[in-house]
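In: Sequence and predicted structure are below.
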Amino acid sequence: MASVKITNLDKAYGSVRVLHQLNLQVDDGKFVVLLGPSGCGKSTLLRMIAGLESVGGGDILFDDVRVNSVHAKDRNIAMVFQNYALYAHMTVRKNMAFSMRLNKTDKKTMDEKVNWASSILGLDDYLDRLPKELSGGQRQRVAMGRAIVRDPDVFLFDEPLSNLDAKLRVQMRTEIKDLHQRLKTTTIYVTHDQIEAMTMADEVVVMRGGYIEQSGTPMEIYDNPNNLFVAQFIGSPTMNILECQVVEDNGTNYASIDNTRFALPANRDLNVGQSVYYGIRPEHFNVSKQSSSDDNNALTGVVKVVEPTGPETHVYLTLAGQELCAITRDRLELRPGDEVQLQPDLSQVHVFDGDSKNVI
Amino acid sequence: MSKRALLPRWLTSEHPLPWLFPVTSLLIVFGLYPVLYSLWLSFYKRNPATRKEKFMPSWNWEKLISDERVWDAVQITFTYALLALAIQLILGLSIALLLDTDKKGFGVLRALMTLPLVVPPAVTGMMFLLMYDSSFGVISNSLYALNLLSPTAPILGTGSTALLGVIIADVWQWTPFMVLIMLAGLRALPKEPFEAASIDGATGFQSFIFLTLPMMSKIIALAVLIRGIDLFRIYDYVKVMTDSGPGTATETLTAYAGTVYFKSANFPYASTVALATLILVLVTASIFIKVFKVRF
């Protein structure tokens, strides 16, 4: 096992810079998820850590040893690819044993390791099949088996679940997390799926356009996004964002849009007239039917679509000409066209600067 | 009115027969008929003096079996085909591996590589004939200068080197074909398994042995089959460069059939030798397809 440290890492393809001075520390045994939309450079970063892409500038260190020019085969890493990258002409057993065959491991150890991996991954019945005779989920497991038999210092996953159907994805997610808890190998996992990131990671690194926007534990990032991008990228349904102006009334600041006022949390450094983004997650509204509330901060919206999910209900509504989403656990029996009252939880309101889009 | 309705009825048919008719008739006229005609011809005995032919179904076939020149020719044909095939395969794959890169300038190299393919085989034969010439040929003179060859034993005039001399012309012309097929195969290989292998600890050579070769096996088998069939029918280079000589040192089966046809005017026996070539190709190719499980 090893820690991975990245300092001032740069990468460019021709004149296009894809990574800008990245710094990242992955502690030994941690599960770190690189999260971002496609084209943000997360896969490039992972491939550089793997040694499949050259380093443009800066350093990659494994356990404080510089590995910039160390060949992929000598880094003692294991990688699981998005499309599995299995050896199509080899059976499952040979796929998993390939690395051991290359370094001339004796047959007994080889069999033991393959059997150990296949029992962990539930592949015992498939060892003599070819990859083309397996389902997507089974192939994914073979790819993971090939990685774990190596006992690597670092596990790298490049969007390993994106080719699987929704149900299998949830199941494999749990399996990968369980595997990490058992093996405790340092893991770097790339995905564009924020749910995967939230559920699996010890630490999430949100990337955009070759920059790291924010890193922290999933809940830190969820509760305290640094900027508008992170706020909108994390969470489903996504955070409600309203483009507002700061107005003052009786010494209190409000965020105003179309003459509707949203209460702002106190102690924020705001100027009257400043344009801000007012952000609040759907579950931080208290939704009630029209009659039951007389709170000053309450807002009135018109229900457009109601989506019951079972434990909670997503209510899409129109307020001040904007579309908002609110989540309630109460069974309010709402219908499209109903008026409802929303009370924002002021302690959970995020305010972002209109220009820099950073949190205020 | 739709465009379809403007066309004559037979051009809008959804029945397969009208569409199969043109190519089928071409195949029958230029493929099937000559073969059947040869077969029919092979059942006649020709009297060279009277120039009359007499129906004797087994005469030519019995002669074929007992004709030592035929067996020599079979041996020479196999030697020629296998040697040329091996050289072209190894050279073709090696050159394809070198050209399989996106580096600048290699596109031009790949295009230049195909040039020998557009030269007519007879011209290639003439070209090599000139280069082998013992007084001014560039190849012969270079070999003399390096003391690898003696001017008293010209390449095409010496029994032991003549066949190799012809093979070299064939290799020059047809290796690019192998390169083209191998390149197409190499370029179509997925990249990820190779990346996975390099992470698994494979060196470049190990990747080639354990991944490239098995993944290319079907393409290689197909290229060998196409080239192999072609090589069994070798005629032009032999005719132009050595005319089966010296003696019969470079007489392949088709060359022998040509000699029998044009020099002895024994058309029935020439047809029989030509049919023997066809049978040899069919049998060899079928065995190859079976053993190497070639799929089209």
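Out: Sure thing, it's come through.
In: Check what pLDDT B:F296 gets.
Out: For B:F296, the pLDDT comes out at 65.
In: And B:T250, by the same measure?
Out: pLDDT for B:T250: 92.
In: measure the residue of chain A positioned farthest from its centre to chain B for me?
Out: Distance from the centre of chain A peaks at A:N250, with 42.2 Å (CA atoms, centre = their mean). Per CB to the nearest CB, to the nearest Å, A:N250 is found 64 Å from chain B. C-beta: built from backbone N, CA, C; applies to glycine.
In: Please identify the residues of the stretch 151-296 of chain B in proximity to chain A?
Out: For the stretch 151-296 of chain B, the contact set with chain A under CB under 8 Å from any CB of the partner chain comprises B:190, B:192-193, B:195-203, B:206, B:210-211, B:214-215.
In: Okay, now the unreliable bits of the chain?
Out: All of this refers to chain A. A:290-296 (pLDDT under 70).
In: my bad, the chain I had in mind was chain B
Out: Short version for chain B, where the test is pLDDT under 70: B:1-5, B:296.
In: So which of the residues of the stretch 151-296 of chain B next to chain A are in helices?
Out: Among those, DSSP state H puts B:192-193, B:195-199, B:206, B:214-215 in helices.
In: Drop anything exposed from those residues.
Out: Among those, those classed as buried by neighbour count (16 or more other CB atoms under 10 Å in any protein chain shown) are B:192-193, B:195-199, B:206, B:215.
In: Tell me which two of those sit farthest apart.
Out: Farthest-apart pair in those is B:I199 and B:M215; separation 17.6 Å (CB to CB).
In: Do you have the strands of the stretch 101-250 of chain A handy? List them.
Out: In the stretch 101-250 of chain A, the strands defined using DSSP state E, counting those that start in this stretch lie at A:154-158, A:186-191, A:203-208, A:211-216, A:240-249.
In: what sits against the nearest residue to A:P160 once chain neighbours are set aside?
Out: Counting by CB to CB, 6 or more residues apart in numbering or on different chains, A:V80 is the residue found nearest to A:P160 once chain neighbours are left out, at 4.6 Å. Listed by CB atoms under 8 Å, 6 or more residues apart in numbering or on different chains, the contact set of A:V80 reads A:140, A:143-144, A:147, A:155-158, A:160.
In: And A:V32, by the same measure?
Out: So A:V32 contacts A:24, A:26, A:187-189, A:201-205 (CB under 8 Å, 6+ apart).
In: now, which of those residues sits nearest B:T12?
Out: A:Y189 (58.3 Å).
In: Count the neighbours of the closest one for me.
Out: As a burial measure, A:Y189 scores 27 neighbours (other CB atoms under 10 Å in any protein chain shown).
In: before we move on, the earlier item: compile the ones in helices among the residues of the stretch 151-296 of chain B next to chain A into JSON lines and extend it with columns for distance to A:L123.
Out: Below are those laid out as JSON lines (distance: CB to CB, whole Å):
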{"residue": "B:E192", "distance to A:L123": "20"}
{"residue": "B:P193", "distance to A:L123": "19"}
{"residue": "B:E195", "distance to A:L123": "22"}
{"residue": "B:A196", "distance to A:L123": "17"}
{"residue": "B:A197", "distance to A:L123": "20"}
{"residue": "B:S198", "distance to A:L123": "24"}
{"residue": "B:I199", "distance to A:L123": "20"}
{"residue": "B:Q206", "distance to A:L123": "25"}
{"residue": "B:P214", "distance to A:L123": "22"}
{"residue": "B:M215", "distance to A:L123": "23"}
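In: the domain parsing of chain A - what is it?
Out: As assigned by automatic domain parsing, chain A contains the domains A:4-231, A:240-353.
In: now, of these, which is deepest in the fold?
Out: The highest average neighbour count among the domains of chain A, using mean count of other CB atoms under 10 Å in any protein chain shown, belongs to domain A:4-231 at a mean of 19.
In: Run the chain-centre distance for that one.
Out: Counting by CA atoms, centre = their mean, to the nearest Å, domain A:4-231 is centred 14 Å from the centre of its parent chain.
In: The residue in chain B positioned nearest to chain A and A:L86, how far apart?
Out: Closest residue of chain B to chain A, CB to the nearest CB: B:E192 (3.4 Å). Going from B:E192 to A:L86 by CB to CB, to the nearest Å gives 9 Å.
In: and if you look at A:L130?
Out: Distance, A:L130 to A:L86, using CB to CB: 9 Å.
In: Now that we have the strands of the stretch 101-250 of chain A, can you turn them into CSV and tack on distance to B:F177?
Out: What follows is the strands of the stretch 101-250 of chain A, written out as CSV (distance: least, CB to CB, whole Å):
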stretch, distance to B:F177
strand A:154-158, 39
strand A:186-191, 43
strand A:203-208, 48
strand A:211-216, 51
strand A:240-249, 62
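In: So for B:L41, which of the ones you listed sits nearest?
Out: strand A:154-158 (67.1 Å).
In: any idea of the angle the closest one forms with strand A:186-191?
Out: 10 degrees (axes from the mean of the first three to the mean of the last three CA atoms, to 10 degrees).
In: Of the domains of chain A, which is nearest B:I229?
Out: Taking the domains of chain A one by one with CB to CB, domain A:4-231 is closest: 26.4 Å.
In: Can you check the distance spanned by the closest one, start to finish?
Out: Its first and final residues considered, domain A:4-231 spans 27 Å by CA to CA, to the nearest Å.
In: And stretch A:100-115, by the same measure?
Out: Span of stretch A:100-115 from end to end, CA to CA: 13 Å.
In: Nice, that's everything, thank you.
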